[in-house]
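Asks: Sequence and predicted model, in that order:
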Amino acid sequence: MPTIKSSTELRNNYNEISIFCNQTQEPVFITKNGQGDLAVMSIETYEKLVGRLELYHLLQEGEQAIAAGKTHPFEQVFQELRNEVIGDKQ
């Protein structure tokens, strides 16, 4: 069940809402005049959310590349990576 607070509660109880967001890693939905207005969350939760969205985007790009036939044999890719790693150490 989402946590919903009014903009007045956010203004009057900022520290309490901040502690809640940081401890639970869940957003708090803020209403203004009875209507949804904002979602407040900790920086850590926000960064995880953005990271997850970036990962989904990369996975989608990979799936599209596979569907388009833009693939390389595993052995070739592995050898190229090995050459990069070993080449940097020499």
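Replies: Perfect, thanks for sending it.
Asks: Mind telling me what element the nearest residue to residue 30 once chain neighbours are set aside is part of?
Replies: In this structure, residue 30 finds its nearest non-sequential neighbour in residue 38, 4.1 Å apart by Cβ to Cβ, 6 or more residues apart in numbering. Using the backbone N, CA and C atoms, a C-beta is placed for each residue, glycine as well. Using DSSP states H and E, residue 38 sits in strand 35-40.
Asks: quick revisit: residues near the residue nearest to residue 30, how many?
Replies: Counted with other Cβ atoms under 10 Å, the neighbours of residue 38 add up to 13.
Asks: Distance check, it against residue 46.
Replies: From residue 38 across to residue 46, the span is 13 Å (Cβ to Cβ, to the nearest Å).
Asks: how far is the helix or strand bottoming out on mean pLDDT in the chain from where the chain is centred?
Replies: In the chain, the helix or strand scored least confidently by mean pLDDT, DSSP states H and E is helix 74-89, which has a mean of 87. Centroid displacement of helix 74-89 relative to its chain, using Cα atoms, centre = their mean, to the nearest Å, is 30 Å.
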